[in-house]
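Visitor: turn this into a model:
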Amino acid sequence: MKKHLVMIVFLLFILFLILSGCDRAGTELSVTLPSAVNGAGVTEDAADAPQPVESMDPSAAEQDNAEIRSLLEKGKSILNLSYTAVFSSEENQFVYEYYKRDNLTKMITTEGGSQSIAVCDGKTTVYYNLPEKTGFTMMEAGDDMGLVPSTEALLNEVVYTFKTMGEESLSGYLCQVVETEDEFGVLKLWISKTLGLPIKYIGSDDNGWYSLELTDIQLGEPSNSIFVIPSDIRLQ
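Guide: Take a look at the predicted model:
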């Protein structure tokens, strides 16, 4: 009797499995097997999957650019100042002095035993050399001719967008360090938060890398006599 009862229960169980299979007819049964786990406790599938790329929030990037442009506008508004700058590159190094008074600018480049001087009144630029005392005049403006690229050029939204890299102190000024790109690659700038002027550049051009650093920055009107062309200069 017990054998018959066991047989009946077994047949009922088989019938239950058949009916369950009919209810899910057409559905493929799949079993997900666990992936192998590496020594770091990460499955191989997870380790091989592309990782998400970190990117700056567009709104944060826009805010960064707005703040840097506002800083540069402050520097652009400075009408009177002077400074000394050291330009270094793969090929050479030289020092120049820069003076700005309203629309007048003067740049004195010293290299070896000679000086190349450019004086601009906003419309024309006179170039001459010392000790040769020869020069020429060109119908061109020299606005921000002491900076490469100029502050005005950096404000071109089509060409330059900025990424902030933190703050550093340089030549006694707290600077906002930023990176941008030009046609040659990455350009790194240290912009004084007080002055709004880039006081250090590291970039590249056709000749390779270069750096430019400003020192002895003085605010105020340089003497008018600085911009006077000596009478013994022979202009062609």
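Visitor: every contact and neighbour count from this point should use C-alpha atoms.
Guide: OK.
Visitor: show residues contacting the top strand by length along the chain.
Guide: Across the chain, the longest stretch assigned as strand under DSSP state E is strand 208-219. If you take CA atoms under 8 Å, 6 or more residues apart in numbering as the criterion, strand 208-219 is touched by 80-90, 171, 199-204.
Visitor: phi and psi next, for the residue nearest the centre of the chain.
Guide: What sits nearest the mean C-alpha location of the chain, by CA atoms, centre = their mean, is E179, with 1.6 Å. Per-residue torsions, E179: phi -120, psi 150 (degrees, to the nearest 10).
Visitor: which stretches of this structure have low pLDDT?
Guide: For the chain, the stretches with pLDDT under 70 are 1-58, 141-148.
Visitor: mind redoing it with 50?
Guide: 1-54, 143 (pLDDT under 50).
Visitor: ok, which stretches of it are strands?
Guide: 80-89, 93-101, 104-111, 114-120, 125-130, 134-138, 163-170, 173-182, 185-192, 198-205, 208-219, 234-235.
Visitor: got the ones you listed as a markdown table, with distance to E67 columns?
Guide: Formatted as a markdown table, the strands of the chain follow (distance: least, CA to CA, whole Å):
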| stretch | distance to E67 |
| --- | --- |
| strand 80-89 | 23 |
| strand 93-101 | 25 |
| strand 104-111 | 28 |
| strand 114-120 | 31 |
| strand 125-130 | 34 |
| strand 134-138 | 37 |
| strand 163-170 | 10 |
| strand 173-182 | 10 |
| strand 185-192 | 12 |
| strand 198-205 | 14 |
| strand 208-219 | 22 |
| strand 234-235 | 45 |
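Visitor: so which of these gets nearest D64?
Guide: Evaluated over these, closeness to D64 peaks at strand 163-170, with 6.7 Å, by CA to CA.
Visitor: check what contacts that closest one and list those residues.
Guide: Contacts with strand 163-170, where a contact means CA under 8 Å, 6+ apart, come from 61, 64-65, 174-180, 190.
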